[in-house]
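> sequence unknown, structure follows:
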(Lines give C-alpha, C1' and ligand atoms only; values in the text may rest on other atoms or scores of the structure.)
Protein backbone atom coordinates (compact mmCIF):
# COMPACT_ATOMS: atom_id res chain seq x y z
CA UNK A 1 0.00 0.00 0.00
CA UNK A 2 1.51 3.33 -1.07
CA UNK A 3 0.76 6.27 1.20
CA UNK A 4 3.09 9.03 0.11
CA UNK A 5 0.93 10.15 -2.79
CA UNK A 6 -2.10 10.42 -0.52
CA UNK A 7 -0.02 12.58 1.85
CA UNK A 8 0.95 14.90 -0.98
CA UNK A 9 -2.67 15.40 -2.08
CA UNK A 10 -3.31 17.37 1.10
CA UNK A 11 -2.50 20.99 1.82
CA UNK A 12 1.20 21.18 2.82
CA UNK A 13 0.28 22.31 6.33
CA UNK A 14 -1.23 18.86 6.90
CA UNK A 15 1.99 17.01 6.09
CA UNK A 16 4.31 15.72 8.85
CA UNK A 17 5.90 18.42 10.97
CA UNK A 18 9.62 18.53 10.26
CA UNK A 19 11.74 17.64 13.29
CA UNK A 20 14.15 20.47 12.54
CA UNK A 21 11.61 23.29 12.66
CA UNK A 22 12.74 26.03 15.09
CA UNK A 23 9.57 25.63 17.16
CA UNK A 24 10.25 21.92 17.84
CA UNK A 25 12.30 20.95 20.90
CA UNK A 26 13.48 17.34 21.12
CA UNK A 27 15.05 15.57 24.14
CA UNK A 28 18.67 14.55 23.59
CA UNK A 29 18.51 11.21 25.42
CA UNK A 30 16.09 9.17 23.32
CA UNK A 31 16.16 5.59 22.13
CA UNK A 32 17.18 5.19 18.50
CA UNK A 33 13.66 4.23 17.47
CA UNK A 34 12.23 7.66 18.29
CA UNK A 35 14.84 9.30 16.08
CA UNK A 36 14.22 6.73 13.34
CA UNK A 37 10.51 7.52 13.38
CA UNK A 38 11.22 11.22 12.92
CA UNK A 39 13.66 10.46 10.10
CA UNK A 40 11.13 8.00 8.57
CA UNK A 41 13.94 5.44 8.66
CA UNK A 42 12.14 2.11 8.20
CA UNK A 43 15.34 0.05 8.26
CA UNK A 44 16.36 1.28 11.72
CA UNK A 45 12.82 0.85 13.05
CA UNK A 46 12.73 -2.76 11.85
CA UNK A 47 16.22 -3.35 13.25
CA UNK A 48 15.13 -2.18 16.72
CA UNK A 49 12.04 -4.36 16.54
CA UNK A 50 14.20 -7.38 15.63
CA UNK A 51 16.28 -6.56 18.70
CA UNK A 52 13.13 -7.12 20.78
CA UNK A 53 12.51 -3.45 21.52
CA UNK A 54 9.08 -3.02 23.09
CA UNK A 55 7.19 -0.88 20.58
CA UNK A 56 5.11 0.54 23.45
CA UNK A 57 8.11 1.50 25.57
CA UNK A 58 7.98 5.15 26.58
CA UNK A 59 10.65 7.80 26.43
CA UNK A 60 12.00 8.14 29.96
CA UNK A 61 12.61 11.67 31.15
CA UNK A 62 16.13 12.37 32.37
CA UNK A 63 16.61 15.22 34.82
CA UNK A 64 18.03 18.25 33.06
CA UNK A 65 17.09 17.06 29.57
CA UNK A 66 14.71 18.94 27.29
CA UNK A 67 10.98 18.12 27.27
CA UNK A 68 9.51 17.32 23.85
CA UNK A 69 7.70 20.51 22.85
CA UNK A 70 6.11 22.06 19.78
CA UNK A 71 5.56 25.76 20.32
CA UNK A 72 2.43 27.47 19.06
CA UNK A 73 2.83 28.07 15.33
CA UNK A 74 0.85 28.76 12.17
CA UNK A 75 -0.92 25.40 12.27
CA UNK A 76 -1.36 25.02 16.05
CA UNK A 77 -3.26 27.42 18.31
CA UNK A 78 -1.65 25.87 21.41
CA UNK A 79 1.79 24.57 22.26
CA UNK A 80 2.14 20.81 22.71
CA UNK A 81 4.27 19.15 25.38
CA UNK A 82 4.64 15.38 25.53
CA UNK A 83 6.21 13.42 28.39
CA UNK A 84 6.62 9.64 28.56
CA UNK A 85 5.52 9.33 24.94
CA UNK A 86 5.67 6.29 22.66
CA UNK A 87 7.05 5.86 19.16
CA UNK A 88 3.50 6.13 17.82
CA UNK A 89 3.11 9.58 19.39
CA UNK A 90 6.19 10.68 17.45
CA UNK A 91 4.96 9.04 14.26
CA UNK A 92 1.64 10.88 14.16
CA UNK A 93 3.56 14.16 14.33
CA UNK A 94 6.66 13.52 12.22
CA UNK A 95 6.07 10.24 10.38
CA UNK A 96 4.49 9.25 7.08
CA UNK A 97 1.36 7.11 6.97
CA UNK A 98 3.64 4.20 6.02
CA UNK A 99 5.58 4.57 9.28
CA UNK A 100 2.39 4.80 11.33
CA UNK A 101 1.02 1.66 9.65
CA UNK A 102 4.31 -0.13 10.31
CA UNK A 103 4.17 0.65 14.03
CA UNK A 104 0.51 -0.36 14.32
CA UNK A 105 1.15 -3.60 12.45
CA UNK A 106 3.93 -4.39 14.92
CA UNK A 107 1.75 -3.98 17.99
CA UNK A 108 1.84 -0.26 18.81
CA UNK A 109 -0.95 0.61 21.26
CA UNK A 110 -3.24 2.93 19.32
CA UNK A 111 -4.68 4.34 22.56
CA UNK A 112 -1.39 4.74 24.46
CA UNK A 113 -1.34 7.81 26.69
CA UNK A 114 1.58 10.02 27.61
CA UNK A 115 1.98 11.44 31.13
CA UNK A 116 -0.77 13.99 30.42
CA UNK A 117 -3.09 11.38 28.88
CA UNK A 118 -2.52 12.56 25.33
CA UNK A 119 -3.25 9.71 22.93
CA UNK A 120 -1.84 9.44 19.41
CA UNK A 121 -5.26 10.49 18.07
CA UNK A 122 -5.43 13.57 20.28
CA UNK A 123 -1.88 14.41 19.23
CA UNK A 124 -2.70 14.03 15.53
CA UNK A 125 -5.69 16.35 15.97
CA UNK A 126 -3.54 18.91 17.78
CA UNK A 127 -1.00 19.05 14.93
CA UNK A 128 -3.78 19.03 12.32
CA UNK A 129 -3.09 15.92 10.26
CA UNK A 130 -6.55 14.89 8.99
CA UNK A 131 -5.25 11.91 7.02
CA UNK A 132 -3.57 10.54 10.15
CA UNK A 133 -6.74 11.17 12.17
CA UNK A 134 -8.72 9.18 9.60
CA UNK A 135 -6.18 6.34 9.63
CA UNK A 136 -6.24 6.07 13.42
CA UNK A 137 -10.04 6.09 13.43
CA UNK A 138 -10.08 3.32 10.83
CA UNK A 139 -7.67 1.30 12.96
CA UNK A 140 -9.94 1.58 16.02
CA UNK A 141 -8.69 4.55 18.04
CA UNK A 142 -10.99 5.65 20.87
CA UNK A 143 -12.37 8.99 19.70
CA UNK A 144 -13.52 10.09 23.16
CA UNK A 145 -10.36 9.56 25.22
CA UNK A 146 -9.54 12.87 26.89
CA UNK A 147 -6.35 14.44 28.21
CA UNK A 148 -5.72 15.03 31.91
CA UNK A 149 -7.48 18.40 31.56
CA UNK A 150 -10.47 16.80 29.85
CA UNK A 151 -9.65 17.94 26.33
CA UNK A 152 -11.12 15.48 23.83
CA UNK A 153 -10.06 15.18 20.19
CA UNK A 154 -13.34 16.89 19.24
CA UNK A 155 -12.68 19.89 21.48
CA UNK A 156 -9.16 20.28 20.10
CA UNK A 157 -10.38 19.96 16.51
CA UNK A 158 -12.94 22.70 17.13
CA UNK A 159 -10.37 24.90 18.82
CA UNK A 160 -8.31 24.58 15.62
CA UNK A 161 -11.49 25.26 13.56
CA UNK A 162 -10.62 22.23 11.43
CA UNK A 163 -13.93 21.11 9.91
CA UNK A 164 -12.48 18.07 8.12
CA UNK A 165 -11.15 16.65 11.39
CA UNK A 166 -14.28 17.58 13.34
CA UNK A 167 -16.52 15.89 10.77
CA UNK A 168 -14.38 12.75 10.79
CA UNK A 169 -14.56 12.54 14.59
CA UNK A 170 -18.33 13.07 14.73
CA UNK A 171 -18.89 10.47 12.01
CA UNK A 172 -16.75 8.04 14.04
CA UNK A 173 -18.91 8.54 17.14
CA UNK A 174 -17.24 11.37 19.05
CA UNK A 175 -19.57 12.54 21.83
CA UNK A 176 -20.63 16.13 20.98
CA UNK A 177 -21.54 16.84 24.61
CA UNK A 178 -18.38 15.83 26.48
CA UNK A 179 -16.90 18.79 28.35
CA UNK A 180 -13.39 19.54 29.55
CA UNK A 181 -12.37 20.19 33.17
CA UNK A 182 -13.67 23.76 32.86
CA UNK A 183 -17.10 22.59 31.70
CA UNK A 184 -16.57 23.66 28.08
CA UNK A 185 -18.59 21.53 25.66
CA UNK A 186 -17.92 21.40 21.91
CA UNK A 187 -20.68 23.93 21.15
CA UNK A 188 -19.27 26.37 23.68
CA UNK A 189 -15.80 25.90 22.19
CA UNK A 190 -17.28 27.17 18.91
CA UNK A 191 -17.91 30.51 20.61
CA UNK A 192 -14.64 30.81 22.51
CA UNK A 193 -13.87 33.78 20.25
CA UNK A 194 -14.97 35.10 16.87
CA UNK A 195 -12.04 33.21 15.33
CA UNK A 196 -13.53 29.94 16.59
CA UNK A 197 -16.96 30.47 15.01
CA UNK A 198 -17.39 28.10 12.06
CA UNK A 199 -20.91 27.53 10.74
CA UNK A 200 -20.03 24.15 9.21
CA UNK A 201 -18.72 22.91 12.55
CA UNK A 202 -21.71 24.27 14.46
CA UNK A 203 -24.10 22.56 12.04
CA UNK A 204 -22.14 19.29 12.23
CA UNK A 205 -22.34 19.35 16.03
CA UNK A 206 -26.07 20.01 15.96
CA UNK A 207 -26.61 17.20 13.46
CA UNK A 208 -24.46 14.99 15.67
CA UNK A 209 -26.69 15.56 18.71
CA UNK A 210 -25.12 18.50 20.57
CA UNK A 211 -27.38 19.91 23.29
CA UNK A 212 -28.21 23.45 22.17
CA UNK A 213 -29.70 24.48 25.53
CA UNK A 214 -26.85 23.29 27.72
CA UNK A 215 -25.60 25.92 30.17
CA UNK A 216 -22.00 26.45 31.21
CA UNK A 217 -20.73 27.16 34.73
CA UNK A 218 -21.75 30.82 34.35
CA UNK A 219 -25.27 29.92 33.29
CA UNK A 220 -24.79 30.96 29.68
CA UNK A 221 -26.12 29.02 26.69
CA UNK A 222 -24.55 28.71 23.22
CA UNK A 223 -27.24 31.08 21.94
CA UNK A 224 -26.21 33.72 24.48
CA UNK A 225 -22.59 33.30 23.43
CA UNK A 226 -23.49 33.66 19.75
CA UNK A 227 -25.44 36.83 20.50
CA UNK A 228 -22.59 38.25 22.57
CA UNK A 229 -20.21 37.77 19.64
CA UNK A 230 -22.71 39.21 17.17
CA UNK A 231 -22.81 35.94 15.22
CA UNK A 232 -26.32 36.19 13.75
CA UNK A 233 -26.06 33.23 11.35
CA UNK A 234 -24.76 30.99 14.11
CA UNK A 235 -27.64 32.12 16.34
CA UNK A 236 -30.08 31.26 13.56
CA UNK A 237 -28.66 27.73 13.34
CA UNK A 238 -29.11 27.29 17.08
CA UNK A 239 -32.68 28.63 17.01
CA UNK A 240 -33.63 26.31 14.14
CA UNK A 241 -32.22 23.44 16.21
CA UNK A 242 -34.44 24.33 19.16
CA UNK A 243 -32.40 26.77 21.23
CA UNK A 244 -34.61 28.43 23.84
CA UNK A 245 -34.55 32.19 23.25
CA UNK A 246 -36.18 32.76 26.65
CA UNK A 247 -33.71 30.70 28.67
CA UNK A 248 -31.93 32.91 31.20
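Sure thing, it's come through. Because the structure is a prediction, the values reported are computed rather than measured. Numbering: from 1, shown residues only.
> flag every buried residue along stretch 187-204.
Buried residues in stretch 187-204, counted by 16 or more other Cβ atoms under 10 Å: 187, 188, 189, 190, 191, 192, 196, 197, 198, 201, 202, 204. The C-beta positions use only the backbone N, C-alpha and C, and glycine is treated the same way.
> any chance of those residues in TSV, plus secondary structure and distance to residue 150?
Output for those, formatted as TSV (DSSP: H, G, I helix; E, B strand; the rest coil; distance: Cβ to Cβ, whole Å):
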residue	secondary structure	distance to residue 150
187	helix	15
188	helix	13
189	helix	12
190	coil	17
191	coil	18
192	coil	15
196	helix	18
197	coil	22
198	coil	22
201	helix	19
202	helix	21
204	helix	21
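> next one: the spatially most central residue of the chain from residue 203, what distance?
The chain has residue 125 as the residue nearest its centroid, 2.1 Å off, counting by Cα atoms, centre = their mean. Per Cβ to Cβ, to the nearest Å, residue 125 is found 20 Å from residue 203.
> please apply the same query to residue 177.
16 Å.
> quick one on the thing from earlier: surely the residue nearest to the centre of the chain and residue 165 touch.
Yes. Using Cβ atoms under 8 Å, residue 125 makes contact with residue 165 at a distance of 5.7 Å.
> common neighbours of those two, please.
133, 153, 157 (Cβ atoms under 8 Å, 6 or more residues apart in numbering).
> which SSE is the first one in?
Secondary-structure element containing residue 133, defined by DSSP states H and E: helix 130-138.
> report the mean confidence score over that helix.
Mean pLDDT, helix 130-138: 98.
> chain center to whichever helix or strand comes after that helix: distance?
Note on helix 130-138: by DSSP H and E, the next helix or strand toward the C-terminus is helix 153-159. Its chain's average C-alpha position is 7 Å from that of helix 153-159, according to Cα atoms, centre = their mean, to the nearest Å.
> helices and strands around helix 153-159, which ones?
Here helix 153-159 touches helix 120-126, helix 163-171, helix 186-189, going by 3 or more Cβ pairs under 8 Å, 6 or more residues apart in numbering; DSSP states H and E.
> turn those into JSON lines, columns for distance to residue 236 and mean pLDDT.
Output for the helices and strands packed on helix 153-159, formatted as JSON lines (distance: least, Cβ to Cβ, whole Å; pLDDT from 0 to 100):
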{"stretch": "helix 120-126", "distance to residue 236": "28", "mean pLDDT": "98"}
{"stretch": "helix 163-171", "distance to residue 236": "19", "mean pLDDT": "98"}
{"stretch": "helix 186-189", "distance to residue 236": "15", "mean pLDDT": "97"}
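> most tightly surrounded among these?
Among the helices and strands packed on helix 153-159, ranked by average contacts under mean count of other Cβ atoms under 10 Å, first place goes to helix 120-126 (a mean of 29).
> all the helices of this protein, residue numbers only.
4-8, 32-39, 42-50, 87-94, 97-105, 120-126, 130-138, 153-159, 163-171, 186-189, 199-207, 222-229, 232-240 (DSSP state H).
> residue 77: which of those is closest?
helix 153-159 (5.9 Å; Cβ to Cβ).
> outside of the closest one, which residues touch it?
With Cβ under 8 Å, 6+ apart as the test, helix 153-159 has contacts from 77-78, 119, 121-122, 125-126, 133, 143-145, 165-166, 169-170, 174-176, 178, 180, 184, 186, 189-190, 192, 196, 198, 201, 205.
> thanks a lot, catch you later.
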